[in-house]
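after the sequence you'll find the predicted model.
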Amino acid sequence: MAAGSPQDIRIKRAYLAPADDDGRRILVDRLWPRGLAKAKAAIDLWLKDVAPSTELRHWFGHDPARWAEFRKRYAAELAGNPAVAELREIAGRERVTLVYAAHDEAHNNAVALAAYLAGA
């Protein structure tokens, strides 16, 4: 697999049990998941800087009606973000699981981030 090209990126809620095939578990939220012990989370890397800004997160509020606009605004924040380059480099070497805390499994920053990394 070519360095820096995402090949095997998975997405998983922080509250689900870690699995042997998760690969490197990377928390992509700015805040630690509420009520989750660090040992139980089994996070290998907490990449806060790849998370949406506090302002964008508050604006979105996990409202599916704002999903398309959230993705556009988040992509604009990700463009040129050094944390994205770090994540691409890791994903180019090994399987990664983007870990997030949101309840909505379809409309969250990890889903948007994975799509961004895939070039969608």
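On my side now, so go ahead.

and W32, what pLDDT?
We have a pLDDT of 97 for W32.

residue contacts, it?
38, 46 (CB atoms under 8 Å, 6 or more residues apart in numbering). Using the backbone N, CA and C atoms, a C-beta is placed for each residue, glycine as well.

how much space between it and W46?
8 Å (CB to CB, to the nearest Å).

can you check V111 too?
Counting by CB to CB, the separation of V111 from W46 is 19 Å.

swap in N81?
Counting by CB to CB - N81 and W46 are separated by 16 Å.

equivalent analysis for H62, please.
Distance of H62 to W46, given as CB to CB: 21 Å.

by mean pLDDT, flag the weakest helix or strand of this protein.
helix 38-41 (a mean of 92; mean pLDDT, DSSP states H and E).

go ahead and name everything in contact with that one.
Contacts for helix 38-41 (CB under 8 Å, 6+ apart): 14, 18, 25, 27, 32-33, 99.

tell me the two of those residues that are most distant?
Using CB to CB, the two most remote members of those are P18 and W32, lying 15.8 Å apart.

do a quick rundown of the strands in this structure.
9-13, 24-27, 45-46, 96-100 (DSSP state E).

just to revisit the earlier point, neighbour count for H62 and W46, which is higher?
More crowded of H62 and W46, by other CB atoms under 10 Å: W46, with 18 against 14.

not counting sequence-adjacent ones, nearest residue to the more buried one?
Spatially, and ignoring its direct neighbours in sequence, W46 is nearest to L27 (4.5 Å; CB to CB, 6 or more residues apart in numbering).

show me what stretch 51-62 is in contact with.
28-30, 66, 70, 73-74, 77, 102-104, 107-109.

neighbour-wise, which of those residues leads?
For the contacts of stretch 51-62, neighbours tallied by other CB under 10 Å; top is V28, 28 neighbours.

okay, and the beta partners of the residue nearest to that residue when sequence neighbours are not counted?
Closest residue in space to V28, ignoring its immediate chain neighbours: L98 at 4.9 Å, by CB to CB, 6+ apart. When bridges are called by DSSP bridges, L98 pairs up with I11, I26.
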